[in-house]
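Visitor: below: sequence and its predicted model.
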Amino acid sequence: MSPESINLLTHLLALLLGGGGMFVSMRVRESCLIRTVREKCDQTVALGKKESELFVLESRAELDAASRKREEELREKACAVESLREKTARLHEEAAARAAEARRVENEALALRTRVETERRHYKDEALRVADISASEARKAVFDIVRQECETELVRLRSEILGRREEDIREEARRILVDTMQRLAPEVSQETNTAIISIPSEDMKGRLIGREGRNIKTFEQVTGTTLLVDETPDSVLVSSFDPVRREIARLALVALIGDGRIHPSSIESFVERAREQVIANVSELGRAALQDLNLEPASSAVTELLGRLHFRLSVNQNTLSHSIEVARFAGLIAMELGVDPRPARRAGLFHDIGKAIDAEFEGSHAIAGARWLCGNDEDPCVVNAVAAHHGEKQPTSIYAPIVMLADKISASRPGARNTTLDGYIGRMKSMERIAMEFPGVAEAYAVMAGREMRVIVVPEKLSEAEARETTLKIRTRIENSLQYTGTIHITLIREQRFHEEAR
């Protein structure tokens with residue numbers, strides 16, 4: 001063989017030997033790796049088994065603990081139920097014992113009641129036998145004794161309670177009235193039935209009379225007044241009982257004298273202007289009165305009628321001023337009593353509005369005024385207060401008595417009405433003298449400006465029936481003997497007092 005072949009075989013053999021060694025080495029390494037992986041898998045499986053066994057053991061321990069806790073709770077609840085059962089049994093036993101005791105006490109009470117009732121009937125029969133009276137007679141005697149004792153005590157208690165209460169009411173009424181009258185004391189203007197008009201010269205008198213008296217006749221015919229032209233220097237006199245007519249005549253005469261043209265046609269023209277002026281002034285006076293009292297506006301008819309009161313008098317007291325004063329008094333009294341003062345002021349302002357209504361309206365001025373206000377959509381409580389302020393209608397609210405009281409205060413307070421002192425004193429003395437003329441009268445006093453009279457009689461001389469008859473006789477004598485406006489209230493007092501002193 002050639003050396004090249006030998007080298008080639010040598011190299012080939014070396015190559016084969018190297019590849020086999022490498023294959024063997026790789027198989028050995030793979031076997032080692034497989035063995036290592038198997039060992040790790042065995043270790044992991046063994047570890048998983050141990051963890052599973054440990055988890056099972058822990059779960060079993062927890063279940064055992066929960067089971068033991070549940071068993072303990074059940075035992076405790078069973079003990080509580082048993083204790084409650086025992087307590088319930090004891091309560092049932094106690095209730096049964098108490099029921100038995102109650103039945104025993106009830107039986108004893110029933111027996112005692114039966115024995116008491118038997119003894120009561122026995123003693124009652126024995127008492128009736130000893131007293132020799134029947135049961136109805138005994139019952140009546142006992143009732144009479146108890147009634148007498150109770151009546152005496154009740155009369156005493158009633159006198160004490162009513163006396164104390166009436167005194168409190170009088171004191172409160174005095175306080176309210178004094179408070180009200182002190183807060184309001186307006187001046188009241190006094191007017192007469194005539195108006196004096198100044199003239200620039202005596203020649204004006206002849207011009208007023210006119211040829212054959214035609215001017216004065218026209219003036220009196222158109223105005224419905226009387227024009228007195230006498231010897232009084234620089235003045236003439238307009239007279240009329242109707243104050244509206246008198247005011248129209250006064251304004252027309254003043255305008256005629258100022259103009260100087262006096263004849264029948266100018267007289268009629270100036271009188272018509274004066275009439276329009278008075279009507280306008282009348283409405284303005286009514287609105288001013290409502291505004292002055294902070295009251296809501298009334299209808300035009302009511303406002304005009306209210307203004308007409310300015311030209312009317314009541315015992316020489318201006319009726320509109322009197323109505324405004326009554327409204328103020330009524331509002332103050334209402335505030336003192338804690339009620340709304342606005343209806344009181346409105347009723348007080350309208351209370352005499354019937355005096356300005358024409359004569360064709362039937363009834364007194366209070367009834368006529370109430371009907372007029374009702375027809376002009378006034379508040380029903382105001383209408384009732386106007387109708388009832390002289391006692392002709394039954395009051396339906398507190399405002400009617402308030403207006404009655406305010407009207408009396410305004411009319412009777414000193415200086416409100418122009419009456420002479422001599423006439424006032426004479427009327428008072430006449431009233432007292434008439435009362436003193438009757439037998440049994442000890443004292444007589446005219447009070448409240450002659451609107452009320454107190455008569456005190458001797459109780460030993462006059463019985464109750466005689467005192468009543470004496471009051472009627474005094475009223476009749478005053479009505480027949482005296483002249484007065486309004487009403488006079490007569491109060492006869494017959495009182496017996498008994499005094500004892502316990503020592």
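Guide: That came in fine, so what should we check first?
Visitor: was I right about Val302 contacting Asn376?
Guide: Yes - the pair Val302 / Asn376 is scored as a contact, 5.0 Å apart, by Cβ atoms under 8 Å. No exception for glycine: its C-beta is placed from N, CA and C like everyone else's.
Visitor: those two: who's more crowded?
Guide: A direct count of neighbours by other Cβ atoms under 10 Å for Val302 and Asn376 places Val302 higher, at 21 against 15.
Visitor: and that one, what does it touch?
Guide: Gly286, Phe350, Ile353, Trp372, Leu373, Asn376, Glu378 (Cβ atoms under 8 Å, 6 or more residues apart in numbering).
Visitor: please repeat the previous calculation with a cut-off of 10 Å.
Guide: Gly286, Leu290, Phe350, Ile353, Gly369, Trp372, Leu373, Gly375, Asn376, Asp377, Glu378 (Cβ atoms under 10 Å, 6 or more residues apart in numbering).
Visitor: SS state for it?
Guide: Under the three-state scheme (DSSP: H, G, I helix; E, B strand; the rest coil), the conformation of Val302 reads as helix.
Visitor: roughly how far apart are it and Glu378?
Guide: Distance check for Val302 against Glu378: by Cβ to Cβ, to the nearest Å, it reads 7 Å.
Visitor: need the overlap of contacts for those two.
Guide: Phe350, Ile353, Trp372.
Visitor: centroid-nearest residue for this structure?
Guide: Within the chain, one residue has its C-alpha closest to the average C-alpha position: by Cα atoms, centre = their mean, that is Val339, at 5.3 Å.
Visitor: in this structure it contacts Ser397, no?
Guide: Yes - between Val339 and Ser397 a contact is recorded at 9.1 Å, counting by Cβ atoms under 10 Å.
Visitor: so what does the helix or strand containing Glu30 touch, helix or strand wise?
Guide: Applying DSSP states H and E as the criterion places Glu30 in helix 3-131. Helix 3-131 makes packing contacts with helix 135-183 when contacts are defined by 3 or more Cβ pairs under 10 Å, 6 or more residues apart in numbering; DSSP states H and E.
Visitor: shaky segments in the stretch 401-503 of the chain?
Guide: 412-425, 449, 484-486, 503 (pLDDT under 70).
Visitor: show me where it has its helices.
Guide: All helices of the stretch 401-503 of the chain, identified by DSSP state H, counting those that start in this stretch, fall at 421-436, 464-481.
Visitor: residue ranges with poor pLDDT in the stretch 151-300 of the chain?
Guide: Under the criterion pLDDT under 70, the flagged ranges of the stretch 151-300 of the chain are 159-194, 241-242.
Visitor: strands along that one, start to end?
Guide: Assignment of strands within the stretch 151-300 of the chain using DSSP state E, counting those that start in this stretch yields the ranges 194-198, 226-228, 235-239.
Visitor: turn those strands into TSV, columns for distance to His310 and mean neighbour count.
Guide: TSV is the format used below for the strands of the stretch 151-300 of the chain (distance: least, Cβ to Cβ, whole Å; neighbours: other Cβ atoms under 10 Å):
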stretch	distance to His310	mean neighbour count
strand 194-198	14	15
strand 226-228	21	17
strand 235-239	17	17
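Visitor: thinking again about what came up before, among the helices of the stretch 401-503 of the chain, which is nearest Ala249?
Guide: With Cβ to Cβ, the closest approach to Ala249 among the helices of the stretch 401-503 of the chain belongs to helix 421-436: 29.8 Å.
Visitor: quick one: neighbours of Gly307, just the number.
Guide: For Gly307, the count of nearby residues is 24 (other Cβ under 10 Å).
Visitor: swap that for Arg207, sorry
Guide: 17.
Visitor: and the residue nearest to the centre of the chain, what does it touch?
Guide: Contacts of Val339 by Cβ under 10 Å, 6+ apart are Ile333, Ser397, Ile398, Tyr399, Ile402.
Visitor: am I right that it is in a helix?
Guide: No - counting by three-state DSSP, Val339 is not found in a helix; it is coil.
Visitor: from Glu325, how far off is it?
Guide: For Val339, the distance to Glu325 (Cβ to Cβ) stands at 20 Å.
Visitor: how about Ile6?
Guide: To Glu325, Ile6 is 169 Å away according to Cβ to Cβ.
Visitor: okay, those two: which has more neighbours?
Guide: Glu325 (26 against 10).
Visitor: thought the more buried one was touching Gly348?
Guide: Yes - under the criterion of Cβ under 10 Å, Glu325 lies in contact with Gly348, with a separation of 8.4 Å.
Visitor: common neighbours of these two, please.
Guide: Taking Cβ under 10 Å, 6+ apart as the contact rule, the neighbours common to Glu325 and Gly348 are Ala406, Asp407, Ser410.
Visitor: grab the nearest non-local neighbour of the second one.
Guide: In space, and not counting its chain neighbours, Asp407 is closest to Val326: 5.3 Å by Cβ to Cβ, 6 or more residues apart in numbering.
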